[in-house]
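> model this:
(one chain, ligands or ions: 1)
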Amino acid sequence: MTTDALFAQKISRIRQAGLYRQMKVCHSPQGARVKAGDREVLMLSSNSYLGLCTDDRLKEAARKAVEMYGTGAGGSRLISGTSPIHRELEAQVAFFKQTGAALIFSSGYMANAGVISSVADKNWVIYSDRLNHASIIDGCRLSGARTVVYGHGDVNDLENKIRRYPSKQGLIVTDALFSVDGDLAPLPALVATARRHGLLLMVDEAHATGVLGKNGGGAAELFGIKDGIDISTGTFSKALASEGGFVAGSAALIDYLVNTARSFIFSTAMPPAGAAVSLAALDIVRTEPQRRSTLMEHAAWLRDSLGRAGFDVANHPTQIVSLILGEPRTATAFSDRLMARGIFVTAIRPPTVPAGTSRLRISLMATHTRGDLEFAVSEITAVGRELGVIGREK
Ligand SMILES: Cc1ncc(COP(=O)(O)O)c(C=O)c1O
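Residues are numbered from 1 along each chain as shown. Below you'll find the predicted structure:
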């Protein structure tokens with residue numbers, strides 16, 4: 001069989017299952033409205049939750065950093081790629097997360113994969129939420145530790161699994177804000193469980209950083225349990241409108257990661273301009289809390305309106321609104337019809353979500369207007385009726 005024939009056959013199976021993926025191209029910056037081809041459409045699939053991807057202050061920070069440090073970092077962090085701006089960002093992240101130290105990686109994926117595979121080894125047991133992000137799952141695999149998956153957000157199941165699969169050294173790991181359902185991990189209960197059993201607790205704040213908590217510190221800040229978290233990871237690529245990932249924790253942990261985390265050691269440092277943008281974004285997170293309150297008001301309004309239109313919308317206090325539609329083809333058809341009506345929202349299908357739960361994942365931005373949301377509700381309702389997802393009379 002030729003290489004082409006081999007992969008064409010594999011792709012045709014993916015197509016038959018309704019799971020074929022294609023990139024949609026945005027021809028403009030990632031704002032509340034974007035250009036898709038030559039049309040302007042409402043963006044409901046961006047993780048730039050605070051609307052900072054188009055912020056002039058961030059652009060200026062990038063320009064200045066390029067002038068000062070050039071474009072690429074030129075090397076990995078331990079060889080030649082560390083500039084003062086990388087160190088400054090690490091100090092600011094530690095300050096922001098109120099930990100002893102922090103370390104930045106080239107992506108959030110690399111942070112999770114690098115941290116878990118470095119902290120745990122084959123003598124450890126990792127207890128991992130069933131719906132954790134792929135980067136956590138891959139970190140668990142890379143570590144060689146025994147990974148025990150517990151029911152999503154289910155602390156009773158976790159307790160049972162800890163008793164059934166005890167460990168001398170163990171780690172509980174969870175997303176803080178689950179990115180496709182938009183729900184929060186039961187962090188206070190997880191802290192209590194970790195303490196009771198002498199386990200480490202690692203929380204990925206990728207979607208919560210900058211968004212949740214009074215100061216945007218994330219879900220741990222929202223719940224008031226920062227001290228109970230041993231390892232906090234996150235990304236600059238979502239609310240912070242930049243790129244790169246981070247881990248925040250004790251100084252000894254960070255020192256250990258510098259010496260052992262392979263995705264940190266064997267990869268070129270993020271470009272200095274990326275670090276500069278992240279620093280500028282952290283500043284805005286600190287000084288413009290109204291972005292967070294507007295975002296949450298938008299989410300509450302949209303949930304309520306879609307619920308009243310007849311959709312089954314879970315009531316989570318976050319910026320992500322998930323419309324579960326079931327079969328992948330329904331989700332794709334919904335997304336295509338919305339695009340035709342001027343709304344960009346991508347269908348999320350297996351393996352990103354469990355079979356039978358394909359959906360539209362709507363993510364809101366602080367820079368959406370109420371008018372944008374009213375438009376979204378009317379078009380989503382119209383398509384929901386066309387596809388028979390909601391009753392015609394509603
Ligand atoms: C929960 C979670 N963790 C980690 C990541 C990875 O972050 P990054 O995009 O910076 O690699 C993502 C998103 O992509 C995510 O959703």
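> what about the residue of the chain found nearest the ligand, neighbour count?
Closest approach between the chain and the ligand, counting by C-beta to the nearest ligand atom: residue 108, at 2.4 Å. Heads up, the C-betas are built off the backbone N, CA and C, glycines and all. Residue 108: 26 surrounding residues under other C-beta atoms under 10 Å.
> Report the contact partners of it.
If you count contacts by C-beta atoms under 8 Å, 6 or more residues apart in numbering, residue 108 has them with 135, 204, 206, 233, 234, 235, 236, 237, 244, 245, 246.
> Over to the residue nearest to the third one when sequence neighbours are not counted: give its phi and psi.
Spelled out, it's residue 206. Of all residues not flanking residue 206 in the chain, residue 235 sits nearest, at 4.7 Å (C-beta to C-beta, 6 or more residues apart in numbering). When read as degrees, to the nearest 10, the backbone of residue 235 gives phi -140, psi 150.
> try residue 354
Torsion angles, degrees, to the nearest 10, at residue 354: phi -60, psi 150.
> What pLDDT is listed against it?
For residue 354, the pLDDT comes out at 88.
> Repeat that for residue 143.
98.
> What of residue 393?
Listed pLDDT for residue 393 reads 54.
> Report how many residues lie close to the residue nearest to residue 206.
With other C-beta under 10 Å as criterion, residue 235 counts 28.
> Could you do residue 227 as well?
10.
> ok, back up a step: quick one: which of the contacts of residue 108 is the most crowded by neighbours?
Tallying neighbours with other C-beta under 10 Å puts residue 204 at the head of the contacts of residue 108, with 35 neighbours.
> Which residue, other than its chain neighbours, is closest to residue 17?
Ranked by C-beta to C-beta, 6+ apart and with sequence neighbours excluded, the top spatial neighbour of residue 17 is residue 328, at 7.1 Å.
> what's near enough to touch that neighbour?
17, 18, 19, 347, 349, 350, 358.
> which ones are touching the fourth one?
Taking C-beta under 8 Å, 6+ apart as the definition of contact, the neighbours of residue 347 are 328, 331, 332, 334, 335, 358, 359, 360.
> could you redo the last one with a cut-off of 10 Å?
By C-beta atoms under 10 Å, 6 or more residues apart in numbering, the contact set of residue 347 is 18, 21, 45, 325, 328-336, 338, 353, 358-361.
> Would you mind listing where the chain has pLDDT under the threshold?
392-394 (pLDDT under 70).
> quick revisit: which of the contacts of residue 347 fall within strands?
325, 358, 359, 360, 361 (DSSP state E).
> Quick check: residues of the stretch 1-150 of the chain near the ligand?
Neighbours of the ligand within the stretch 1-150 of the chain, by C-beta under 6 Å from any ligand atom: 107, 108, 109, 112, 133, 135.
> Please tell me how far the closest residue in space to the first one that isn't next to it in sequence sits from residue 284.
Counting by C-beta to C-beta, 6+ apart, the nearest residue to residue 107 once its immediate chain neighbours are dropped is residue 245, at 5.2 Å. Distance, residue 245 to residue 284, using C-beta to C-beta, to the nearest Å: 19 Å.
> try residue 291
In terms of C-beta to C-beta, residue 291 sits 8 Å off from residue 284.
> Find the residues that touch each one of these two.
Both residue 291 and residue 284 are contacted by 50, 51, 52, 210, 216, 239, under the criterion C-beta under 10 Å, 6+ apart.
> ok so, going back, which of the ones in strands among the contacts of residue 347 lies closest to residue 31?
Checking the ones in strands among the contacts of residue 347 against residue 31 with C-beta to C-beta, the nearest one is residue 361 at 18.7 Å.
> Please name the bridge partners of the closest one.
Beta bridges link residue 361 to residue 322, judged by DSSP bridges.
> Thanks a lot, see you next time.
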